[in-house]
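Visitor: Provide a 3D model corresponding to the input given below.
(one chain, ligands or ions: 1)
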Amino acid sequence: MKPASIRHFLNTQDWSRADLDALLVQAAAFKRNKLGDQLKGKSVALVFFNSSLRTRTSFELGTFQLGGHAVVLQPGKDAWPIEFNLGTVMNGEAEEHIAEVAKVLSRYVDMIGVRAFPKFVDWSVDREDRVLRGFAQHATVPVINMETITHPCQELAHILALQEHFGTADLRGKKYVLTWTYHPKALNTAVANSALTIATRMGMDVTLLCPTPEYVLDQRYMDWAAQNVAESGGSLQVSHDIDSAYRGADVVYAKSWGALPYFGNWEPEKPIRDAHKHFIVDEAKMALTNHGVFSHCLPLRRNIKATDAVMDSPQCIAIEEAENRLHVQKAIMAALVS
Ligand code: CP
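Guide: Okay, here's the model as predicted:
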C-alpha cells in the first residue's frame, strides 16, 4: 500500500528554505557528534547505475553511523538490468521493470537512494530524469537523489562548507562565480544545475561564467535560479568574460559540462571545448577575487580543471565539502525516516 504522501529528496527546489536550513543545522550537529540512533533498525538501498567514490562511501558509512544498514545494488552488474518505459515489450537486456523493482525494494528497506546519470543521447529524454522519477513513482518509501541531472546532496555539502568558511549561515550578498572548465569529455550538467539552484536560493550574487551562450544551462534551471533570485534578493548574470567574472568574487565553484545544443552529437562541440582550455582555475584568476574561496564537487582532473597550486592552497575547501557529504546525507536520511 502506497502512503498518501511520501516525502522524497529529489531536488532542493522541492523543499522549503526553512527545511533546508534545518537539514544544514542537523548536518553541522552530526559533524560535531558523529554517532546517533536515528536509523536504528532502518535500512536503505543504494542503487548505483554509475561509478562513485564519495557518494557510495558517505551513504554507506552515514547509515552505519546512525545505526542503520545499507545495501548497495548496481543494476546490470550485481543486480538485474531494469526497464523504465511503460508498455514496452521487454525483449531487450532488461530482466525486470521498475514497477516491480521499486515496490519490492520498498518491502525490504526504508529508503532508496538512486544514482543515474544521463544516457548522453537525447537531452529531451534525459531531462525528464526517468530513472529517478520511476523510482519515486513506484516506491512506497522515500527516494533520495544521489545524482542524476541534479545533485542535491552535493548542494547541501557545498553550502555547509561555505557557511563554515564564512562563519555564518547567511550567505546573502556574497559574490559567487560558477565557472565552466575544460574537460576532455562532455560531462553531465547535474552539479552545475545544482550549484546555480542553491547559490541563488541562498541569496548570493551569482555569475554563470561559460565559454559561449551554448553552455548556458537548461531553461528549467535558469528559471529556478530566476525564481530564487526574486525570492531571496540575490542576483544572476551570465558572463563569457573571465576577468570581470572573477574580479571581487568571494566564491569560485568550478565544473565542466557539455553544451546542451550538441547533446548526443559531441563531435562539433569538441573544437569549442578545446578552444577554452584557458578556463582552468589558476592562481592568476584567483588573485582577481576578494580573497575568494575555491571549491569543486570532485572528482577533479588536476591541471585540467584547476591547477595544483589552487587545489593545494588554503583557499580550496573541496575536501571539506566532500566530508560534508557524510553529514548532510545523515541529516537527509534522518529527516526522511522521522
Ligand atoms: N561528488 C560526487 O558525487 O563524487 P562521487 O561521484 O565520487 O560519488
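Visitor: Could you list the domains of this protein?
Guide: Following automatic domain parsing, the chain resolves into domains at 12-150+325-337, 154-322.
Visitor: Next, the distance between the ends of the first one.
Guide: The first residue of domain 12-150+325-337 is 17 Å away from its last residue (C-alpha to C-alpha, to the nearest Å).
Visitor: Just checking the distance from stretch 64-75 to the centre of its chain.
Guide: Its chain's C-alpha centre and that of stretch 64-75 lie 20 Å apart, by C-alpha atoms, centre = their mean, to the nearest Å.
Visitor: What's the mean pLDDT across that stretch?
Guide: For stretch 64-75, mean pLDDT rounds to 98.
Visitor: now swap in stretch 159-168 and tell me
Guide: Confidence over stretch 159-168 (mean pLDDT, whole number) is 98.
Visitor: does it come close to the ligand?
Guide: No: using C-beta under 6 Å from any ligand atom, stretch 159-168 never reaches the ligand; the gap is at least 12.4 Å. The C-beta positions use only the backbone N, C-alpha and C, and glycine is treated the same way.
Visitor: Tell me the residues of the stretch 101-250 of the chain that contact the ligand?
Guide: Applying C-beta under 6 Å from any ligand atom, we find that the stretch 101-250 of the chain lies next to the ligand at 147, 154.
Visitor: Show me the strands in the stretch 101-250 of the chain, by range?
Guide: For the stretch 101-250 of the chain, strands defined by DSSP state E, counting those that start in this stretch occupy the ranges 111-115, 143-145, 175-180, 205-209, 235-239.
Visitor: separation between the closest residue to C210 other than its chain neighbours and P299?
Guide: Spatially, and ignoring its direct neighbours in sequence, C210 is nearest to W180 (4.1 Å; C-beta to C-beta, 6 or more residues apart in numbering). From W180 across to P299, the span is 17 Å (C-beta to C-beta, to the nearest Å).
Visitor: What's the mean pLDDT across the one helix or strand L326 maps to?
Guide: Assigned by DSSP states H and E, L326 belongs to helix 318-337. Across helix 318-337, pLDDT averages out at 98.
Visitor: For it, name the packing helices and strands.
Guide: Secondary-structure packing of helix 318-337 (3 or more C-beta pairs under 8 Å, 6 or more residues apart in numbering; DSSP states H and E): helix 17-32, helix 54-65, strand 111-115, strand 143-145, helix 152-166, strand 293-295.
Visitor: mind checking which of those is nearest S232?
Guide: helix 17-32 (8.0 Å; C-beta to C-beta).
Visitor: Kindly format the C-alpha coordinates of the closest one as CSV.
Guide: Extracted in CSV, the C-alpha atoms of helix 17-32 (Å, rounded to 0.1, in the frame of the first residue of the first chain):
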residue,chain,number,x,y,z
ARG,A,17,14.1,27.1,2.7
ALA,A,18,13.2,26.5,6.4
ASP,A,19,13.5,22.7,5.8
LEU,A,20,16.8,23.1,4.0
ASP,A,21,18.2,25.3,6.8
ALA,A,22,17.1,22.7,9.3
LEU,A,23,19.0,20.0,7.4
LEU,A,24,22.1,22.1,7.4
VAL,A,25,21.8,22.7,11.2
GLN,A,26,21.4,19.0,11.7
ALA,A,27,24.3,18.2,9.4
ALA,A,28,26.5,20.6,11.5
ALA,A,29,25.4,18.7,14.6
PHE,A,30,26.3,15.4,13.0
LYS,A,31,29.7,16.8,12.2
ARG,A,32,30.3,17.6,15.9
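Visitor: Averaged pLDDT, it. What do you get?
Guide: On average, helix 17-32 scores 98.
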